[in-house]
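A.B. asks: Only the shape, not the letters, is given here:
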């Protein structure tokens, strides 16, 4: 199923109305059923475009072969957040409420001279 506003793929059970005979289901998770207006995506920088789509460059081939590794390297950096533990008083899975703007702490991708690399 897709959101009728932005064509985001949604599960059928994520629809707002749970009537079984709904031929045009509406969804709230993607854009609040049209209440949130998403900006159009901007073009990627030229260097990233080349890495993704230029099949004649060795760097591009290497990047595409290891793209998941590069993504995980940035996804698992240390998050700097102000953690509110007051809502985590049950025995279930941990709940995190982030206040303010989250940011990632990551050092240089290249190690300092004489130092071991810290990231992939």
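C.D. replies: That came through fine. Since the structure is predicted, the reported quantities are computational estimates derived from the model, not experimental observations.
A.B. asks: which residues in this protein form helices?
C.D. replies: For the chain, the helices defined by DSSP state H cover 46-53, 58-65, 67-75.
A.B. asks: Number of residues surrounding residue 3?
C.D. replies: By the measure other Cβ atoms under 10 Å, the count of residues near residue 3 is 19. (Glycine included, C-beta is placed from N, CA and C.)
A.B. asks: Leaving out sequence neighbours, find the closest residue to it.
C.D. replies: Excluding the flanking residues, the one nearest residue 3 by Cβ to Cβ, 6 or more residues apart in numbering is residue 30, at 4.3 Å.
A.B. asks: For the helices of the chain, give me CSV that also has mean neighbour count, distance to residue 4 and mean pLDDT.
C.D. replies: Shown next, in CSV, are these (neighbours: other Cβ atoms under 10 Å; distance: least, Cβ to Cβ, whole Å; pLDDT from 0 to 100):
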stretch, mean neighbour count, distance to residue 4, mean pLDDT
helix 46-53, 12, 30, 87
helix 58-65, 12, 33, 88
helix 67-75, 11, 30, 77
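A.B. asks: Nearest to residue 37 among those helices would be which one?
C.D. replies: Closest of the helices of the chain to residue 37 is helix 46-53, at 25.8 Å (criterion: Cβ to Cβ).
A.B. asks: coming back round to it: wait, which of the helices of the chain is closest to residue 12?
C.D. replies: When those are compared by Cβ to Cβ, helix 67-75 sits nearest residue 12, at 28.6 Å.
A.B. asks: can you tell me which of the helices of the chain comes nearest to residue 11?
C.D. replies: helix 67-75 (23.2 Å).
A.B. asks: what's the angle between the closest one and helix 58-65?
C.D. replies: Taking axes from the mean of the first three to the mean of the last three Cα atoms, to 10 degrees, one finds helix 67-75 and helix 58-65 inclined to each other by 80 degrees.
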